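A.B. asks: mind folding the following:
(one chain, ligands or ions: 2)
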Amino acid sequence: MNKKSFGLDIGATSIKLCMLDGRKGSFILKAASISPAPVRGMMSESPLDMEEMAQAIAKAVKDAGIDSKLVNIALPENQVYTKVLDMPVISDKELASAIYWEAEQYIPVPLQNITLVWNVLKRPNQPSQGDKMQVLMVGAPTVLVNKYQKVIQLAGFSVNSMETEILATIRSLVSDETFPTSLIVNIGSISTAFAIIRNGTMVFTYSMAVGGAAINRAIATDFGLTPQQAEEYKRVYGVSGKSLGGKIGQATEPILNSILAEIKKSIAFYAQKYKDDASIRQIILSGGTAKLPGIEIFFANNSGIETAIANPWKVLASQQMPKEILSNASDYTIAVGLAMKDYE
Ligand SMILES: Nc1ncnc2c1ncn2[C@@H]1O[C@H](COP(=O)(O)OP(=O)(O)OP(=O)(O)O)[C@@H](O)[C@H]1O
Ligand SMILES: [Mg+2]
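C.D. replies: Ligands and ions are numbered 1, 2, ... in the order given. Model (predicted):
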């Protein structure tokens with residue numbers, strides 16, 4: 001029996017799996033798959049829907065040929081409170097009490113309903129006066145944590161670790177501290193998460209409830225199409241400016257513009273905070289919506305920053321891979337990051 005955990009990314013529309021072998025720096029891909037998530041999915045509180053989700057997960061894992069019972073999962077970014085805090089340099093013990101003061105300020109719901117976790121992202125070795133350390137604080141509604149635990153248990157697995165999607169994203173995309181200053185944008189179906197990486201560490205994160213599903217709704221409304229038809233049109237025409245494609249693009253653009261507005265705000269926040277530092281060098285687009293034809297050109301042209309599509313498979317030692325897995329690389333970012341967690 002395999003002792004390592006597999007990575008499981010439960011999205012609103014799809015379930016992504018990844019199992020790695022080998023070692024950090026030259027992983028070997030054991031399994032990777034994408035399968036549709038049940039319609040009501042994890043958003044539902046009903047036991048029947050949880051059972052359906054559990055069965056879908058169990059089937060996906062079996063079909064992928066994964067033999068591990070341990071799983072690393074991620075909580076959806078838009079349902080948790082995540083903040084990178086700049087704090088005075090204090091000990092872990094002091095932090096354990098100080099963090100509750102911070103949480104009181106930033107988490108807008110009663111803390112008794114929240115599972116609070118934190119970790120030090122960066123602590124200066126020999127701090128001088130005024131130095132700060134960066135702490136990542138994550139507050140997850142306890143009912144949400146319990147629901148994920150329950151579904152995994154129903155599926156026949158044990159949760160080895162639980163984190164938030166953006167942390168898994170960073171693990172698979174950010175190599176080390178030499179990584180260029182970047183803005184990572186993970187655009188899924190119902191949510192989009194942003195993270196700014198500086199010297200290999202996350203210094204800012206934010207999420208919004210917009211994604212590919214909103215594009216479908218806009219296209220379906222403008223052209224009187226079913227959601228399935230809208231999905232097909234979107235995949236074919238993307239943001240292109242040609243004939244019918246141009247009109248489809250017009251329906252898509254307001255959604256991309258709302259994401260662009262947050263990109264610009266994040267960049268402005270960064271520039272204001274790190275005045276004397278190198279600016280953001282690249283935008284990396286991840287998630288299923290990163291496959292929208294023309295999306296990287298749209299963001300590059302409108303932000304003035306070089307934009308690329310995420311490829312988490314860079315963590316693998318070179319190997320032959322099925323074309324389908326390669327061409328859907330940006331879908332796997334979170335699942336790969338989760339699968340990498342056991343190798344830290
Ligand atoms: N080729 C494509 N072109 C454009 N959009 C695409 C393409 N393929 C998938 N998508 C979109 O990607 C989205 C799914 O992405 P992803 O799998 O990252 O989301 P999810 O994880 O299920 O959702 P979320 O993270 O929001 O819970 C859907 O909105 C889908 O329409
Ligand atoms: Mg997702």
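A.B. asks: contact partners for I90?
C.D. replies: A98, M133 (Cβ atoms under 8 Å, 6 or more residues apart in numbering). (Glycine included, C-beta is placed from N, CA and C.)
A.B. asks: if I pick T192, what's in contact with it?
C.D. replies: V185, N186, S207, M208, V210, G211, I259, E262, G287, T289.
A.B. asks: in ChimeraX, select just the buried ones from these.
C.D. replies: ChimeraX command restricting these to the buried ones, with burial defined by 16 or more other Cβ atoms under 10 Å:
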select :185,186,207,208,210,211,259,262,287,289
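A.B. asks: between the contacts of T192, which sits nearest D63?
C.D. replies: Within these, the smallest distance to D63 is 22.4 Å, found for G287 (Cβ to Cβ).
A.B. asks: pLDDT score assigned to that closest one?
C.D. replies: Per-residue pLDDT puts G287 at 98.
A.B. asks: so V71, which of the three states?
C.D. replies: Here V71 is strand, with the state taken from DSSP: H, G, I helix; E, B strand; the rest coil.
A.B. asks: re the thing from before, which among the contacts of T192 are in contact with ligand 2?
C.D. replies: For ligand 2, no contacts are drawn from the contacts of T192 by Cβ under 5 Å from the ion.
A.B. asks: list the contacts for whatever residue of the stretch 151-300 of the chain ends up closest to ligand 2?
C.D. replies: In the stretch 151-300 of the chain, the residue that lies nearest ligand 2 is G188 (3.5 Å; Cβ to the ion). G188 sits next to G11, A12, T13, G211, G212, G287, G288, T289 when contact means Cβ under 8 Å, 6+ apart.
A.B. asks: change it to 6 Å
C.D. replies: Applying Cβ atoms under 6 Å, 6 or more residues apart in numbering to G188 gives the contacts G11, G211, G287.
A.B. asks: quick check: phi and psi on it?
C.D. replies: phi -100, psi -140 (degrees, to the nearest 10).
A.B. asks: show me what the helix or strand that L260 is a member of is packed against.
C.D. replies: Assigned by DSSP states H and E, L260 belongs to helix 243-273. Here helix 243-273 touches strand 192-198, helix 212-223, helix 227-237, helix 295-303, going by 3 or more Cβ pairs under 6 Å, 6 or more residues apart in numbering; DSSP states H and E.
A.B. asks: run the chain-centre distance for it.
C.D. replies: 18 Å (Cα atoms, centre = their mean, to the nearest Å).
A.B. asks: do any residues in that helix lie close to ligand 1?
C.D. replies: No. Contact of helix 243-273 with ligand 1 (Cβ under 6 Å from any ligand atom) is absent, the minimum separation being 9.2 Å.
A.B. asks: give me the neighbour count for M43.
C.D. replies: As a burial measure, M43 scores 13 neighbours (other Cβ atoms under 10 Å).
A.B. asks: just the pLDDT for it.
C.D. replies: In this model, M43 is scored at 91, pLDDT.
A.B. asks: disregarding flanking residues, what is the spatial nearest neighbour of it?
C.D. replies: Distance criterion Cβ to Cβ, 6 or more residues apart in numbering; nearest residue to M43, sequence neighbours excluded, is A12 at 7.0 Å.
A.B. asks: quick one: end-to-end length of stretch 173-190, please.
C.D. replies: With Cα to Cα, to the nearest Å as the measure, the ends of stretch 173-190 fall 22 Å from one another.
A.B. asks: let me see the mean pLDDT of that stretch.
C.D. replies: What stretch 173-190 shows for mean pLDDT is 96.
A.B. asks: deepest-packed of the helices and strands packed on helix 243-273, please.
C.D. replies: Of all these, strand 192-198 carries the top mean neighbour count, a mean of 24, counting by mean count of other Cβ atoms under 10 Å.
A.B. asks: distance between that strand and the chain's centre?
C.D. replies: 9 Å.
A.B. asks: send over it as PDB, restricted to the C-alpha atoms.
C.D. replies: The C-alpha coordinates for strand 192-198 follow below in PDB (Å, rounded to 0.1, in the frame of the first residue of the first chain):
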ATOM      1  CA  THR A 192     -10.900  33.500  -8.800                       C
ATOM      2  CA  ALA A 193      -8.000  33.800  -6.400                       C
ATOM      3  CA  PHE A 194      -5.000  36.100  -6.600                       C
ATOM      4  CA  ALA A 195      -1.600  35.900  -5.000                       C
ATOM      5  CA  ILE A 196       1.500  38.100  -5.300                       C
ATOM      6  CA  ILE A 197       4.800  36.300  -4.900                       C
ATOM      7  CA  ARG A 198       7.900  38.100  -4.000                       C
END
